[in-house]
Each structure stands twice: as structure tokens, then as C-alpha cells.
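A.B. asks: what shape does this take:
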Amino acid sequence: MKHDHLEVEPTGQSGGHCDCCGHESRTVWGNISVTGSMIACYFVHWTRKQPEHYPNLDFLIGNWGDDTKNDRVLVSWVYSASHNQFMIVDATARPAAKSDLCFASVDEGSGAPRHAVGSSCEGGVGRRLDEGKTHRGS
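C.D. replies: A predicted model of the protein is given here:
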């Protein structure tokens, strides 16, 4: 059985301050590829020294290249260190949902078709993604 390896390429970072508490915040982003073909881009945002501010993980997943915007969906999670779990959140409220790179986004109580998000999702996240609908952009 052949296994393709994910390649993660960081492409940028920025810093600022949280609007609600003033602590330092950071964002990193980049691309994810399999055997040289891009399959997603990611944005990770967190506030330093504020464990109650869950880190946000946004993934634009799908086909990349000319005229492929309609083939991509935004999926967003937060990570709770105290519970050691990822939770799907309303991607329509995330800044990446307004990106020209994004066609559809997944809201908190719903999900995209499993094949669009990843067929290897297991447990609660996989079930949650199968239960709902996808919001399509214009």
C-alpha cells in the first residue's frame, strides 16, 4: 500500500494584540501539499499567555489552480488544551471566509460532505461533519 506524505510549507506570519484583552496575538499561515500538489492552505491564530482564548485553526481545503475556487471549502476548528480536543466552529464567522480564495464555509452545527473535508476524520469531528450543511459563497 502506497502512502503519500503531507508537505507543510509555512509562508507567512504576523503579530498583533487581542481586541478583548490586549495580550499579544500571533497568526501563521502556509500551504499543504501531497506529492507536489497543493490540497489546502492553513491559518493558525492564537493569543499568547491566554489559555481561555482557544487557538483558531482555519483550513481552505480542495483543488488549487486556475478556476478552482468553487472546489474549495473553509473548515475551522478551535483547540482546547484543557480538554485536549479540537472543536469545529462556525467558519462563516472567521476572517478567512471573506477571502477571495474561499467558495464555501462550514458552520458550527453542520459540515461539508466528508470527502471534501477528509475521509480520515474519526470520532466526534467526523460525525459532526456528516450531520449538516455547507454555506456556499457567491
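
A.B. asks: surely residue 45 meets residue 55?
C.D. replies: Yes. Using CB atoms under 8 Å, residue 45 is in contact with residue 55, at 6.8 Å. The way it works is simple: take the backbone N, C-alpha and C, and place the C-beta from them, glycine included.

A.B. asks: of these two, who's got more company?
C.D. replies: residue 45 (22 against 17; other CB atoms under 10 Å).

A.B. asks: what's the distance between the more buried one and residue 34?
C.D. replies: 25 Å (CB to CB, to the nearest Å).

A.B. asks: report how many residues lie close to residue 27.
C.D. replies: Residue 27, neighbours per other CB under 10 Å, totals 16.

A.B. asks: flag every buried residue along stretch 85-92.
C.D. replies: Neighbour-count burial for stretch 85-92, counted by 16 or more other CB atoms under 10 Å, picks out 86, 88-89, 91-92.

A.B. asks: redo those residues as JSON lines? Include pLDDT and distance to residue 98.
C.D. replies: JSON lines is the format used below for the buried residues of stretch 85-92 (pLDDT from 0 to 100; distance: CB to CB, whole Å):
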{"residue": "86", "pLDDT": "90", "distance to residue 98": "23"}
{"residue": "88", "pLDDT": "86", "distance to residue 98": "19"}
{"residue": "89", "pLDDT": "85", "distance to residue 98": "16"}
{"residue": "91", "pLDDT": "80", "distance to residue 98": "11"}
{"residue": "92", "pLDDT": "79", "distance to residue 98": "10"}
